[in-house]
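A.B. asks: task: produce atomic coordinates for the following.
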Amino acid sequence: MFEARHTMDAPTTASAENGTSGGGSGGWFTPRKQPAEDAPQSAPPAEPAPEAAAAQPSAAQPLSAEPSSPEALPADLHVPTQRSTAPTAQPQEPAVQSGAQGASPDALIIRRTMAEVAPIADKVTSYFYALLFVRHPDLRSLFPAAMDTQRDRLLKALLTAAEHIDNTEVLVAYLQNLGRGHRKYGTRPEHYPAVGECLIGALSRYASGIWDAETEAAWVRAYTTISQVMIDAAAADELRAPAWWYAEIVAHDLRTPDVAIVTVRPDQPYPFLAGQYTSLETPWWPRIWRHYSFASAPRSDGLLTFHVKAVPAGWVSNALVHRARPGDIIRLGPPAGSMTVDHTTDSGLLCLGGGTGIAPIKALVEDVAEHGERRTVEVFYGARTDHDLYDIDTMLRLQQSHPWLSVRAVIDQQAHLQLPDAIREYGPWNEFDAYLSGPPGMIRSGVDALRNIGIPSERIRHDSVEELVAIGD
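C.D. replies: This is a model prediction of the structure:
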């Protein structure tokens, strides 16, 4: 789900990918009125990782519509009309139950549907996009040329959000970030109905054995909630931030044959917090966005730095590592993520960074230093080989400058020990806030290891949506 980052993401409701349908008089999933078209764009908001889902394809593959001719959707379906939020209104949280109180009837129905279609997910996905592009061909240009990865991400995000409709705290923040992030794709409120129609159309076809009016109504309610949260968040964000920033590459440092440190200068101020990440698009692969964490705390000169590892078949990562040069112009989405330091407490920080996941960990260390705090920070820097510790010198210099900082390298091939397992040999960590950044597998095992040694879930921070949802359940 990620290319060179730890994060989250798949979009929930097409990113600039949805189409118009039902925009007239209160049809399916009809959104409230659109936010003001000419709203001023200034400072950026904190967004999550929507594009990881919304526009992240990787390999060319023609769109295959499994069923040759998508059928027209039933005309007798109705959905509550979504009211339009005034631009000044704050995004509203959906009225859903807390997961701790037990699953709601809608959540149970939705999970039953997902269990039914899970073995044929590829067919559901193909049919979903077949419906979307046949019924709304004008939307095709909003998607990347290659659709294989994007197809998986969009539908997966929609289904993930629907499945966890009861988990208000995690889900609302996730959807608000997706809504903000989808602005850069050109997504408008009137696009959401098309996606809702096609989602229901695909599910009803492949879950026909259990599909009935009650099931349909549950999905309509879930999608209406999901889309409205995203629409409201985008409307509020439109008043204070541009949909994207242009940025010029000013430095390109190739640290290893496949890892580069790229520094850019945005065309206007770019507010963000240490530990956050952004989405990035290169001129060589239009409409293909990837997530990268900021590798430093905010700087006085306004420059932004990213650590990029070229991965097999990674179009954006390979372009940034092997093709990008100073002077090239890229686009940035809004900042996103909640893996930030809580400066209202003096708890220690336990930081696990694997591979290029050391980038946001370094930013967190700088943030603590800049706040003049002397709270204990323990960093575990994981890599497969010592060659992969491309930024260890920087981390060791930080350690020399700050007595409260400890940096330990964990090299898999030497210690025969995975990064999450290494923390068990130290500690205790019960008074620490934990931060994880790295490949999804590392975050997954890291969360398990931290919970097993007694760190409460609410003190474990990272930006992998799949794991955030798991923790919340």
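
A.B. asks: count the residues that sit near Gln115.
C.D. replies: Actually, residue 115 is Ala rather than Gln. As a burial measure, Ala115 scores 12 neighbours (other C-beta atoms under 10 Å). C-beta coordinates here come from the backbone N, C-alpha and C atoms, glycine included.

A.B. asks: what confidence value was assigned to it?
C.D. replies: With respect to pLDDT, Ala115 has a value of 88.

A.B. asks: Arg83 now?
C.D. replies: 41.

A.B. asks: just the CA atoms of stretch 173-181, as CSV, please.
C.D. replies: Only the C-alpha atoms of stretch 173-181 are listed here, as CSV (Å, rounded to 0.1, in the frame of the first residue of the first chain):
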residue,chain,number,x,y,z
ALA,A,173,-9.8,11.8,11.4
TYR,A,174,-8.9,9.4,8.5
LEU,A,175,-11.8,10.6,6.3
GLN,A,176,-11.2,14.3,7.0
ASN,A,177,-7.7,13.9,5.9
LEU,A,178,-8.8,12.0,2.8
GLY,A,179,-11.2,14.7,2.0
ARG,A,180,-8.6,17.4,2.3
GLY,A,181,-6.0,15.4,0.4
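
A.B. asks: now it: mean pLDDT?
C.D. replies: pLDDT averaged over stretch 173-181 gives 86.

A.B. asks: got the residue ranges for the strands in the stretch 151-300 of the chain?
C.D. replies: 245-256, 259-266, 277-281, 289-293 (DSSP state E, counting those that start in this stretch).

A.B. asks: now tell me what touches the longest one from outside.
C.D. replies: Outside strand 245-256, the residues that touch it by C-beta atoms under 8 Å, 6 or more residues apart in numbering are 44, 260-268, 270, 303-304, 321, 324-332, 387-388, 390-391.

A.B. asks: how far does whichever helix in the chain runs longest sit from its chain's centre?
C.D. replies: Ranked by residue count under DSSP state H, the longest helix found in the chain is helix 213-238. Centre-to-centre, helix 213-238 and its host chain are 18 Å apart (C-alpha atoms, centre = their mean, to the nearest Å).

A.B. asks: in that helix, what's buried?
C.D. replies: 215-216, 218-238 (16 or more other C-beta atoms under 10 Å).

A.B. asks: mind checking the pLDDT average for that helix?
C.D. replies: On average, helix 213-238 scores 93.

A.B. asks: that one packs against which elements?
C.D. replies: helix 105-117, helix 148-163, helix 168-181, helix 192-206 (3 or more C-beta pairs under 8 Å, 6 or more residues apart in numbering; DSSP states H and E).

A.B. asks: which SSE is immediately downstream of the shortest one?
C.D. replies: It refers to helix 105-117. helix 121-135 (DSSP states H and E).

A.B. asks: tell me where the model's unsure across this structure.
C.D. replies: The model of the chain has pLDDT under 70 over residues 1-101, 145-155, 158-160, 163, 413-420, 464-473.

A.B. asks: before we move on, the earlier item: so which of the strands of the stretch 151-300 of the chain has the densest surroundings on average?
C.D. replies: Highest mean neighbour count among these (mean count of other C-beta atoms under 10 Å): strand 289-293, with a mean of 29.

A.B. asks: closest to Arg375 out of the strands of the stretch 151-300 of the chain?
C.D. replies: Closest to Arg375 of these, according to C-beta to C-beta: strand 289-293, at 21.4 Å.

A.B. asks: paired strands for that closest one, with orientation please.
C.D. replies: Sheet pairing here is set by DSSP bridges, and for strand 289-293 it gives strand 277-281 (antiparallel).

A.B. asks: count of residues packed around Ala324?
C.D. replies: Ala324 has 21 nearby residues by other C-beta under 10 Å.

A.B. asks: and it, what are its phi and psi?
C.D. replies: The phi/psi pair for Ala324 (degrees, to the nearest 10) reads phi -70, psi 140.

A.B. asks: give the bridge partners for the nearest residue to Met395 once chain neighbours are set aside, please.
C.D. replies: What sits nearest to Met395 in space, not counting adjacent residues and going by C-beta to C-beta, 6 or more residues apart in numbering, is Val407, at 4.7 Å. Per DSSP bridges, the residues bridged to Val407 are Val379.

A.B. asks: pretty sure Val407 contacts Thr394?
C.D. replies: No. With contact defined as C-beta atoms under 8 Å, Val407 does not reach Thr394; the gap is 9.8 Å.

A.B. asks: neighbour count: those two, which is higher?
C.D. replies: More neighbours surround Val407 than the other of Val407 and Thr394, with 22 against 15 (other C-beta under 10 Å).

A.B. asks: tell me who's in contact with that one.
C.D. replies: So Val407 contacts 379, 381, 392, 395-396, 398-399 (C-beta under 8 Å, 6+ apart).

A.B. asks: dump the helices and strands packed on helix 213-238 into JSON lines; add distance to Asp367 as well.
C.D. replies: Shown next, in JSON lines, are the helices and strands packed on helix 213-238 (distance: least, C-beta to C-beta, whole Å):
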{"stretch": "helix 105-117", "distance to Asp367": "37"}
{"stretch": "helix 148-163", "distance to Asp367": "30"}
{"stretch": "helix 168-181", "distance to Asp367": "20"}
{"stretch": "helix 192-206", "distance to Asp367": "36"}
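
A.B. asks: closest to Leu280 out of those helices?
C.D. replies: Per C-beta to C-beta, nearest to Leu280 of those: helix 168-181, 12.0 Å.

A.B. asks: which strands or helices does the closest one pack on?
C.D. replies: helix 51-54, helix 148-163, helix 213-238, helix 465-472.

A.B. asks: the same query, at a cut-off of 6 Å, please.
C.D. replies: helix 213-238, helix 465-472 (3 or more C-beta pairs under 6 Å, 6 or more residues apart in numbering; DSSP states H and E).

A.B. asks: what residues of it count as buried?
C.D. replies: Those would be 168, 170-181, for helix 168-181 by 16+ other C-beta under 10 Å.

A.B. asks: now do stretch 337-354
C.D. replies: Applying 16+ other C-beta under 10 Å to stretch 337-354 flags 337-341, 348-354 as buried.

A.B. asks: check stretch 110-119 too.
C.D. replies: For stretch 110-119, by 16+ other C-beta under 10 Å, it's 110, 113-114, 116-117.
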